[in-house]
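1. Fold the stuff below for me.
(chains A and B, ligands or ions: 2)
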Amino acid sequence: MMLLELKNIKKYFPIKGGFFGMTGDHVKAVDGIDLAVRSGENISLVGESGCGKTTLARIILKLMRADAGSIVFDGQDITHLPNRRLVQSRKNMQMVFQDPYSSLDPRFTIRRVMREALTLEKEQYRSEGERQERARQLLESVQLNGDILNRYPHEFSGGERQRIAIARALMLNPKLLILDEAVSSLDVIIQQQLIDLLADLQEKFNLTYLFISHNLKIVKKISQRIAVMYRGKIVEMAPSDEIFGNPLHPYTKELLSAAIDYKAVKREGEIKMDSAAQLLDHGNNHFVMEH
Amino acid sequence: MAKRNEHMSEFQIALRAFTRNRFAVTCVIILCLLYFGAVFADFLSPYSFKNEDRNYSYCPPTQVKFMDQGKMTWPYVQGIKLTFDEYYKRVYTVDPTQKYPLHFFSKGDEYKLFGFIRARHHLFGVAQGGRIYLLGADARGRDLFSRLLFGGRVSLSIGLIGVLISFSIGLIVGGIAGYYGGRVDNILMRVCEMFMMVPGFYLLLALRAAVPDNFSSVQVYFSIIFILSFIGWASLARIIRGMCLSLRERDYVLAAKSLGLSNFKIIIRHILPHTLSYSIFAVMLSIPGYILGESALSLIGLGIQDPFASWGNMLSDAMSIIRIKFAPWILFPAFFIFLTVICFNVIGNALRDCLDPMLKGER
Ligand SMILES: Nc1ncnc2c1ncn2[C@@H]1O[C@H](COP(=O)(O)OP(=O)(O)OP(=O)(O)O)[C@@H](O)[C@H]1O
Ligand SMILES: [Mg+2]
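-> Ligands and ions are numbered 1, 2, ... in the order given. Here you go, the predicted structure:
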């Protein structure tokens, strides 16, 4: 069953400047993305910095309005739903944000951070004790001590903050968790620990992951399927071993060689992107953009 | 008693640095004394602000004596005789034969403490027949010290209330404009610019002219506050709006949104508190503007009217150089205005210094 279906999502940002900011130029941050995420699956979205990954994630979470396209989540078309009718889908999809240093309000103790995460489930956790119990439980599931509740975010390291953010995202017991570069800002060892932890959590809480990263190597272990994004488009999408064993799009090849040795990357001219190019089926669930 | 507050937010840590700035802490103490004096003016002053005696016009400050013929005695003041010299100028001479001992908690003019407790007791006073002018007297023989305390009520409170009003407006308008952006932002900011375009002092005069002239003192007082905050809110709203524009892009704001918090709650909880570190010193730095604004209005006779005291209208007595030469103590209100303004500025700057590292993160 499909948990999330994106059809032809587009988001163009106007470029300010010129005469009264009226030049019609745009950054095509997201340019016609189709993506379907199965329930229980772990799919990765990989691409270089600035290719529109975060923008796409924000659109899925309805933190930003898409210029075109439709979003169907859990069988419900949420594309045009107003804020107050999003309660159900908000409970079921959460995100771990890119920058652990800005994803927790510095004025809030961890207790308040966690309590706030239950806003939509106030009915279910009525007493303060119940809420704290839940917070403690989830902090422990990300291997943090339950007694950090009185502390402030600046007292934690980046990796610990990221775990707190993960625990917060799990407070509402969501189905889909979007992880935006959840491990990118951490060192290799912590990265590995966190990835293992995420795999455990997925099993434990029955989660579906949309894992965003700019590094192919990281996602190799955890993802069954990988979508490679370039300049607002998905240029190649295939099961993990297909991508690594049989990359077809030049950009994917480039990413792969960069993952092994960044010095080996050589770009022979620009990668051509035809705005009318289509994803072609190469069998084995392998889709590649015409090039 | 060990207080268990080992966990502090960055904001609290920054504020702790403030308490290490001796100069700023001194200023806080001075301000506290001034505000204390204003609140308890009725009790601390020997006379009411209306109590006048024309025989003592521009009487110089009285000395409190502790020695009588080489011996320590209970403090007393001497009588004062008014004579005229050959040019009919007033000359006050001390009359050592008359002695009026100082009384503490003596009965004097009746007043209502906090507006409802009837009382007659003053902290100090002198025996019947004598008068005590610690800081001299004004043209109508009223005690300058008492009037300074009463005047502080007007001058010091106008700053606080004015800032409170204009900051509330500024925060709300700036917060809404910055968070929602787009057309709302555009309209609100154009309105702000309209207010900022007009030079402050002329707007002040124009608005004052629009206030009916048969207003009572209380009404004048509140209309001055209204006018001053009417001018002050716009510049703050613009700055708050700028901060909110960048704050709303923060991940924790987006996280709150995806957790289903309403826009109102997000603004109140996650946006406006982060403008606090800016607002807190902006408040301190803008209070002097209100105090000076009131003084300016009162000085040129458009503010608080005699017999009610404010530092500004007391100073209007000192608008002639001859009077200043003859009775320099009428400049005391200016000294108090100066002191208050300096204190607020020092505190504001000290707060900025210790909050600045945080602020850089929040811009
Ligand atoms: N609010 C915005 N206004 C204007 N342009 C934006 C905005 N947000 C993103 N962009 C632009 O859209 C493009 C995609 O940005 P996005 O943040 O989605 O990239 P990303 O793939 O997440 O990159 P990174 O790996 O560095 O996080 C960038 O060129 C960026 O400059
Ligand atoms: Mg990003």
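
2. Please name every helix or strand in contact with the helix or strand harbouring residue B:242.
-> Element membership for residue B:242 (DSSP states H and E) is helix B:217-247. Counting by 3 or more CB pairs under 8 Å, 6 or more residues apart in numbering or on different chains; DSSP states H and E, the packing neighbours recorded for helix B:217-247 are helix B:144-180, helix B:182-197, helix B:200-210, helix B:272-299. No exception for glycine: its C-beta is placed from N, CA and C like everyone else's.

3. 10 Å instead, please
-> helix B:144-180, helix B:182-197, helix B:200-210, helix B:272-299, helix B:332-362 (3 or more CB pairs under 10 Å, 6 or more residues apart in numbering or on different chains; DSSP states H and E).

4. Of all those, which one is nearest ligand 2?
-> Ranking the helices and strands packed on helix B:217-247 by proximity to ligand 2 (CB to the ion) places helix B:332-362 first, at 19.6 Å.

5. Double-check that residue A:131 belongs to a strand.
-> No. Counting by DSSP: H, G, I helix; E, B strand; the rest coil, residue A:131 is not part of a strand but helix.

6. hang on, it packs against residue A:138?
-> No. With contact defined as CB atoms under 10 Å, residue A:131 does not reach residue A:138; the gap is 11.1 Å.

7. Neighbour count: those two, which is higher?
-> Regarding residue A:131 and residue A:138, a neighbour count based on other CB atoms under 10 Å in any protein chain shown identifies residue A:138 as having more, with 24 against 20.

8. any idea how far residue A:71 is from the more buried one?
-> 27 Å (CB to CB, to the nearest Å).

9. Sketch out the low-pLDDT regions of the chain for me.
-> I'll assume chain A. The model of chain A has pLDDT under 70 over residues A:16-24, A:261-270.

10. oops, chain B please
-> B:1-6, B:357-363.

11. Spatially central residue for it, please.
-> With distances taken as CA atoms, centre = their mean, the residue of chain B nearest its centroid is residue B:156 (1.8 Å).

12. residues in contact with that one?
-> Neighbouring residues of residue B:156 by CB atoms under 10 Å, 6 or more residues apart in numbering or on different chains: B:31, B:34-35, B:37-39, B:287, B:290-291, B:294, B:310-311, B:336, B:340.

13. what do you get for residue B:51?
-> B:45, B:108, B:109, B:131, B:140, B:141, B:142, B:143, B:146, B:147, B:307.

14. wait, which of the residues you listed is closest to residue B:244?
-> residue B:147 (44.4 Å; CB to CB).

15. sorry, back to before: what is the nearest of the contacts of residue B:156 to chain A?
-> residue B:287 (24.8 Å; CB to the nearest CB).

16. and the closest one, how many neighbours?
-> Neighbour number of residue B:287 under other CB under 10 Å is 24.

17. what's the spacing between it and residue B:321?
-> Using CB to CB, one obtains 30 Å as the distance from residue B:287 to residue B:321.

18. about what we covered before: please identify the member of the contacts of residue B:51 with the greatest number of neighbours.
-> Busiest of the contacts of residue B:51 [other CB under 10 Å] is residue B:147, holding 29 neighbours.

19. which non-adjacent residue is nearest it?
-> Once flanking residues are discounted, residue B:147 sits nearest to residue B:309: 4.4 Å by CB to CB, 6 or more residues apart in numbering or on different chains.

20. Please look at that neighbour and residue B:221 and confirm they touch.
-> No. Counting by CB under 10 Å, residue B:309 does not reach residue B:221; the two are 11.8 Å apart.

21. who has more neighbours, those two?
-> Using other CB under 10 Å as the criterion, residue B:309 and residue B:221 rank with residue B:309 on top: 27 against 21.

22. mind listing what that one touches?
-> Applying CB under 10 Å, 6+ apart, we find residue B:309 in contact with B:41, B:49-50, B:138, B:142, B:144, B:146-155, B:298, B:333.

23. and if we set it to 8 Å?
-> Taking CB atoms under 8 Å, 6 or more residues apart in numbering or on different chains, we find residue B:309 in contact with B:49, B:147, B:148, B:150, B:151, B:154.

24. tell me, how many neighbours does residue A:42 end up with?
-> Every residue meeting other CB under 10 Å relative to residue A:42 is counted, giving 23.

25. what sits against it?
-> Shown in contact with residue A:42 (CB under 8 Å, 6+ apart): A:202, A:208, A:209, A:211, A:222, A:223, A:224, A:225.

26. Backbone dihedrals for the last one, please?
-> The phi/psi pair for residue A:225 (degrees, to the nearest 10) reads phi -130, psi 140.

27. Residue 246: neighbouring residues, count only.
-> Let's take chain A. Residue A:246 has 12 nearby residues by other CB under 10 Å.

28. switch to chain B, that's the one I care about
-> Residue B:246 has 12 nearby residues by other CB under 10 Å.

29. What separation do you get for it and ligand 2?
-> Residue B:246 is 17 Å from ligand 2, where distance means CB to the ion, to the nearest Å.

30. follow-up on the earlier one: quickly list what's touching both of residue B:309 and residue B:221.
-> residue B:154.

31. list the buried ones in stretch B:271-284?
-> B:271-275, B:277-284 (16 or more other CB atoms under 10 Å in any protein chain shown).

32. Tell me which two in the residues you listed are the farthest apart.
-> Going by CB to CB, the pair spanning those furthest: B:271 and B:284, at 21.7 Å.

33. next one: phi and psi at residue A:122?
-> phi -60, psi -40.

34. any idea how far it lies from chain B?
-> 10 Å (CB to the nearest CB, to the nearest Å).

35. number of nearby residues for that residue?
-> Neighbour tally, residue A:122, other CB under 10 Å: 10.

36. circling back: got any residues that touch both of residue A:131 and residue A:138?
-> With CB under 8 Å, 6+ apart, residue A:131 and residue A:138 have common neighbours residue A:114.

37. burial measure for residue 11, as a count.
-> Going with chain A. Quick note: residue A:11 (other CB under 10 Å) scores 23 neighbours.

38. Let me rephrase: I mean chain B.
-> Residue B:11, neighbours per other CB under 10 Å, totals 18.

39. Three-state assignment for it, please.
-> Assigned by three-state DSSP, the conformation of residue B:11 is helix.

40. Touching, it and residue A:107? I think so.
-> Yes. The criterion here is CB atoms under 8 Å, and residue B:11 meets it with residue A:107 at 6.3 Å.

41. Please, where are all the helices along the stretch 1-150 of chain B?
-> Ranges of helices within the stretch 1-150 of chain B are B:10-18, B:22-39, B:41-44, B:144-180, based on DSSP state H, counting those that start in this stretch.

42. Tell me the gap between the longest one and the middle of its chain.
-> In this case it means helix B:144-180. 9 Å (CA atoms, centre = their mean, to the nearest Å).

43. For residue 115, give me phi and psi.
-> Let's take chain A. When quoted as degrees, to the nearest 10, the phi and psi of residue A:115 stand at phi -60, psi -40.

44. should've been chain B
-> Taking degrees, to the nearest 10, you get phi 90, psi -10 for the backbone angles of residue B:115.
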